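In: missing the sequence, but the structure's below:
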């Protein structure tokens with residue numbers, strides 16, 4: 001009997017402007033007014049339940065952006081406090097990680113009235129001991145590892161993300177010694193989908209033809225071994241700020257990294273923003289629906305597999 005096929009569509013909600021390569025309150029407002037409605041309408045069209053990871057910053061700035069996902073049964077998860085470089089979990093002490101996790105969790109729980117148990121690190125940046133911080137902060141699920149994905153210089157914390165290459169491919173209970181390894185902690189890791197190249201909204205918008213072949217390969221893998229598709233998009237991908245004068249802010253720590261992360265990466269990431277991005281995303285969703293994938297939240301999926 002073939003394994004049941006799951007597709008977990010996940011969304012990281014923050015104030016990052018792709019166009020300006022910076023964090024902006026104005027972008028957060030556009031995410032609330034433009035990006036989120038497009039995304040929620042798309043999910044309603046296909047009767048999809050999804051997980052939304054909110055930064056504590058955007059939740060405090062616009063509490064309504066969190067409240068708008070609740071009526072349709074979507075899950076609310078934490079995306080840490082912010083996407084500032086200093087809030088990278090690979091840079092923090094364990095005490096600061098715990099403070100960040102507890103603070104963002106409380107903000108979201110106060111808004112929703114529901115327990116928050118799922119986490120995704122900003123920019124997917126974690127350290128080996130993040131698993132201990134998650135346990136101490138009473139989370140149950142993490143989705144920050146992208147097994148067999150290779151980012152290197154193209155994303156923040158790229159060198160430390162080399163641990164992804166050796167992480168388990170199927171969902172696993174993380175080790176207390178390292179979030180990148182199997183073990184017996186209380187934290188279930190649900191890795192994002194990748195095939196060396198990330199299978200995310202950014203890749204879909206920049207290289208639609210590559211994502212098409214990735215989807216076919218990952219769908220076959222799911223049919224054979226039951227690995228869920230875990231796709232990550234950002235509602236800021238579905239707003240268009242290109243009419244504004246572009247003032248790209250330097251975010252990398254040195255000139256070498258700045259070329260990859262601030263110039264090349266931000267130039268590529270500006271492709272197919274707004275409505276064209278939504279159309280490409282719908283193409284993926286439509287394909288998964290035709291292949292009889294079951295769409296659900298990360299929390300519901302973990303409850304079903306009972307690791």
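Out: Received the coordinates, thanks. It should be emphasised that the depicted structure is a prediction, and the values quoted were computed from it without experimental measurement. Numbers count the residues shown, from 1 in each chain.
In: Residue 273 looks like it's in a helix, true?
Out: No - going by DSSP: H, G, I helix; E, B strand; the rest coil, the assignment for residue 273 is coil, not a helix.
In: contacting residues for it?
Out: By C-beta atoms under 8 Å, 6 or more residues apart in numbering, residue 273 lies in contact with 18, 19, 205, 237, 238, 239, 240, 241, 242. Quick note: C-beta positions are derived from backbone N, CA and C, even for glycine.
In: distance of the closest residue to the third one other than its chain neighbours from residue 21?
Out: Going back to what we said before, that points to residue 205. Take residue 205 and drop its neighbours on the chain: the residue closest to it by C-beta to C-beta, 6 or more residues apart in numbering is residue 272, 3.9 Å away. Residue 272 is 17 Å from residue 21, where distance means C-beta to C-beta, to the nearest Å.
In: One more: residue 72?
Out: 32 Å.
In: Between those two, point out the one with more neighbours.
Out: residue 21 (21 against 13; other C-beta atoms under 10 Å).
In: Tell me the pLDDT of the more buried one.
Out: Per-residue pLDDT puts residue 21 at 83.
In: measure it to residue 138 for me?
Out: Distance from residue 21 to residue 138, by C-beta to C-beta: 35 Å.
In: now the stretch 51-200 of the chain, which segments are flagged as low pLDDT?
Out: For the stretch 51-200 of the chain, the stretches with pLDDT under 70 are 151-160.
In: Which residue ranges of it form strands?
Out: 51-54, 75-78, 118-119, 141-142, 172-173, 188-189, 194-195, 197-198 (DSSP state E, counting those that start in this stretch).
In: can you give me the helices in the stretch 51-200 of the chain?
Out: 56-61, 63-67, 94-112, 130-136 (DSSP state H, counting those that start in this stretch).
In: Could you list every helix and strand in contact with the third one?
Out: If I follow you right, that is helix 94-112. Packing partners of helix 94-112 (3 or more C-beta pairs under 8 Å, 6 or more residues apart in numbering; DSSP states H and E): helix 56-61, helix 63-67, strand 75-78, helix 130-136.
In: Which among those is found nearest to residue 7?
Out: With C-beta to C-beta as the criterion, residue 7 lies closest to strand 75-78 of the helices and strands packed on helix 94-112, at 14.4 Å.
In: In that closest one, which residues are buried?
Out: Buried positions in strand 75-78, judged by neighbour count with 16 or more other C-beta atoms under 10 Å: 75, 76, 77, 78.
In: Ramachandran angles for the nearest residue to residue 305 once chain neighbours are set aside?
Out: Nearest residue to residue 305 in three dimensions, chain neighbours excluded: residue 171, at 6.5 Å (C-beta to C-beta, 6+ apart). Taking degrees, to the nearest 10, you get phi -50, psi 140 for the backbone angles of residue 171.
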